[in-house]
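**Student:** I need the structure of the sequence given here:
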Amino acid sequence: MADHLSRLNLKLTFRGETIYVTIKENELNFDKVKYHFKKGFDTFDSEKCKIEWKDQDNDWVTWKRDDEYLNNILKNVAKDNQNILKFQAIVFDLPETINVQDSLSIKSLIKRYIHMLDEARDAAEQIVQLDIIRHIMIITKPEQKLANYTREVTTWLIESYHKIHVYVDRNFVNVFEMIADREEYKRQLHFWNATDVKFDNIDLMITLGGDGTILYSSWMFQSDMPPLLSFHLGSLGFLTVFDFNNHRRVLRNVIDGGGVHVNVRSRLKCSIYRNHKKGNESNIDGVNCQEISKSPEIFQVLNDLCIDRGDAGNMLEILLVGYLIMLISRTNQIIK
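**Tutor:** Here you go, the predicted model:
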């Protein structure tokens, strides 16, 4: 037994590729693992990558080279995981941090944007392990056809997973009236509307429909957004990647802990500033002679923003990172 534990199996992952190496237990250190990354992956650059290890809770933790206690922790993790340790390398060649008040060249802006795209691409190549799923929210349009699909998914989830709570649009209450009195449905089935749902406890969102349903889901979650699984049942499906006919297989893989690919998408953060003064009323504080400011309305949108001044059409100023991009003489402008 002691001889078996004297060797460690390392699973090394970088940019979606994985290799396995075996080392002696007393050889486990930062430089040894880095050596095997360099040997196994041609594009690995130790100056531009950080190494992470997976702990007992399946979380990735950055390996700090000078952590003198980590070797013992890693050995304990290996003993609990059939003598296997998992490592991954992440590219971290971030552009130089720039203060928002400093000048920003167009080259720096492009570099930061390209880095963001590279990070999203790398994330999409990784197999992601989702947290334990206990609360699932289903979002779709209140149409009869979609109501039937919603019932089909909901009943399968509740009857297959007794610890999962399913949240369905309150517009579909009548669809479940024949079965809502069953004990398991009383405990696991919940109805929501946009004003009273508690978004912070949702582990997974399911959309049944098209791209418009995904946009609506994004609008509902104005802060952190849970993972979204979309099944195509609408007219447009550029963002809906799964066939509804495969929904049981797809959901089973996600819920039962199978790794999944995640498509990371950025959202636009939009702030609306309004002038609240009326008529000849001044917006200057008479005591300290400072302009009276009110907190802006802040929204997050997925792919477009419509700026509309209604009847008060005037010159619009379009700015990027505080820099004037253009002046437009029109009443509204759609930005994508």
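**Student:** could I get the pLDDT score of the nearest residue to D55 once chain neighbours are set aside?
**Tutor:** Counting by Cβ to Cβ, 6 or more residues apart in numbering, the nearest residue to D55 once its immediate chain neighbours are dropped is V61, at 5.4 Å. C-beta coordinates here come from the backbone N, C-alpha and C atoms, glycine included. With respect to pLDDT, V61 scores 83.
**Student:** remind me what the helix or strand harbouring V61 packs against, helices and strands.
**Tutor:** Assigned by DSSP states H and E, V61 belongs to strand 60-62. Applying 3 or more Cβ pairs under 8 Å, 6 or more residues apart in numbering; DSSP states H and E, one finds that strand 60-62 contacts strand 49-54.
**Student:** in PDB, list the C-alpha atoms belonging to the strand it packs on.
**Tutor:** Written as PDB, here are the backbone C-alpha positions of strand 49-54 (Å, rounded to 0.1, in the frame of the first residue of the first chain):
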ATOM      1  CA  CYS A  49       0.300  31.300 -17.300                       C
ATOM      2  CA  LYS A  50      -0.800  30.500 -13.800                       C
ATOM      3  CA  ILE A  51      -1.200  27.000 -12.500                       C
ATOM      4  CA  GLU A  52      -4.400  25.900 -10.600                       C
ATOM      5  CA  TRP A  53      -5.200  22.800  -8.700                       C
ATOM      6  CA  LYS A  54      -8.600  21.200  -7.900                       C
END
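**Student:** what's the domain layout of the chain?
**Tutor:** The chain breaks down into these domains under automatic domain parsing: 2-93, 135-261, 268-335.
**Student:** surely I51 is in contact with K32?
**Tutor:** No - the pair I51 / K32 is not scored as a contact, 11.1 Å apart, by Cβ atoms under 8 Å.
**Student:** ok, the two, which is more surrounded?
**Tutor:** I51 (20 against 13; other Cβ atoms under 10 Å).
**Student:** from L74, how far off is that one?
**Tutor:** I51 is 12 Å from L74, where distance means Cβ to Cβ, to the nearest Å.
**Student:** residue ranges of the helices in the stretch 151-300 of the chain, please?
**Tutor:** 183-188, 211-220, 247-255 (DSSP state H, counting those that start in this stretch).
**Student:** out of those helices, which is closest to F44?
**Tutor:** helix 247-255 (30.1 Å; Cβ to Cβ).
**Student:** now the closest one: buried residues?
**Tutor:** The neighbour-count check on helix 247-255 (16 or more other Cβ atoms under 10 Å) flags 247, 250-251, 254-255 as buried.
**Student:** so which of those residues is the closest to I106?
**Tutor:** Using Cβ to Cβ, the buried residues of helix 247-255 come closest to I106 at V254, 41.3 Å.
**Student:** so that closest one touches V262, yeah?
**Tutor:** No - if you go by Cβ under 8 Å, V254 and V262 don't touch, sitting 10.8 Å apart.
**Student:** still on that earlier bit, export the domains of the chain to TSV and append columns for distance to K107.
**Tutor:** Supplementary listing: these in TSV, determined by distance: least, Cβ to Cβ, whole Å:
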stretch	distance to K107
domain 2-93	16
domain 135-261	31
domain 268-335	14
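**Student:** which of those domains sits closest to L117?
**Tutor:** It's domain 2-93; of the domains of the chain, that one is closest to L117 (Cβ to Cβ) at 12.5 Å.
**Student:** show me the contacts for the residue nearest to D55.
**Tutor:** 52-55 (Cβ atoms under 8 Å, 6 or more residues apart in numbering).
**Student:** so among those, which ones count as buried?
**Tutor:** Buried among those by 16+ other Cβ under 10 Å: 52-54.
**Student:** output the contacting helices and strands for the longest helix seen in the chain.
**Tutor:** Taking DSSP state H as the criterion, the chain has its longest helix at helix 106-125. Contact here means 3+ Cβ pairs under 8 Å, 6+ apart; on that basis helix 106-125 packs against strand 84-91.
**Student:** mind running it again at 10 Å?
**Tutor:** Contact partners of helix 106-125 among helices and strands, from 3 or more Cβ pairs under 10 Å, 6 or more residues apart in numbering; DSSP states H and E: strand 84-91, strand 260-261.
**Student:** can you lay out the ones you listed as a markdown table showing mean pLDDT and distance to L204?
**Tutor:** Listed next are these as a markdown table, based on pLDDT from 0 to 100; distance: least, Cβ to Cβ, whole Å:
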| stretch | mean pLDDT | distance to L204 |
| --- | --- | --- |
| strand 84-91 | 88 | 24 |
| strand 260-261 | 76 | 11 |
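**Student:** any idea how far L320 is from D243?
**Tutor:** 39 Å.
**Student:** so these two - more neighbours on which side?
**Tutor:** D243 (13 against 10).
**Student:** touching, the more buried one and L208? I think so.
**Tutor:** No - between D243 and L208 there is no contact under Cβ atoms under 10 Å: 11.9 Å.
**Student:** now the strands for the stretch 151-300 of the chain?
**Tutor:** 165-169, 189-192, 204-209, 228-232, 242-243, 260-261, 268-272, 297-301 (DSSP state E, counting those that start in this stretch).
**Student:** quick check: which of those strands is nearest to Q88?
**Tutor:** strand 260-261 (15.1 Å).
**Student:** so what does the closest one touch, helix or strand wise?
**Tutor:** By 3+ Cβ pairs under 10 Å, 6+ apart, strand 260-261 packs against helix 106-125, strand 127-128, helix 247-255.
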